[in-house]
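K.L.:
I would like the atomic coordinates for the input below:
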Amino acid sequence: MTALTLTLQGAQAPDALAALAELRAAIDELESVRVELDTAAGECRNYLRAMGA
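P.N.:
From the prediction side, this is the model:
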């Protein structure tokens, strides 16, 4: 359940804050994965360039 859903349902502030904290943690994890994928893509490009592709 998202923070927005909790807020719309009239949840207490601590519940909404906890949901926001979980959402922030998920966003941080996704950003970390994005950085890893970007790094891997760069390595692939470099490899292909070195192979003459």
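K.L.:
shaky segments in this protein?
P.N.:
1-13 (pLDDT under 70).
K.L.:
Show me the helices in it, by range?
P.N.:
With DSSP state H as the criterion, the chain has helices at 3-8, 13-50.
K.L.:
What is the burial count for residue 16?
P.N.:
18 (other Cβ atoms under 10 Å). Heads up, the C-betas are built off the backbone N, CA and C, glycines and all.
K.L.:
State the distance from it to residue 47.
P.N.:
Distance of residue 16 to residue 47, given as Cβ to Cβ, to the nearest Å: 46 Å.
K.L.:
try residue 40
P.N.:
According to Cβ to Cβ, residue 40 and residue 47 sit 10 Å apart.
K.L.:
Then residue 33?
P.N.:
Distance from residue 33 to residue 47, counting by Cβ to Cβ: 21 Å.
K.L.:
Ok, residue 41 next?
P.N.:
Distance, residue 41 to residue 47, using Cβ to Cβ: 11 Å.
K.L.:
swap in residue 18?
P.N.:
Distance of residue 18 to residue 47, computed by Cβ to Cβ: 44 Å.
K.L.:
Neighbour count for these two, which is higher?
P.N.:
When neighbours are counted by other Cβ under 10 Å, residue 18 and residue 47 differ, and residue 18 comes out ahead with 14 against 10.
K.L.:
and the more buried one, what does it touch?
P.N.:
Listed by Cβ atoms under 8 Å, 6 or more residues apart in numbering, residue 18 has no contact partners.
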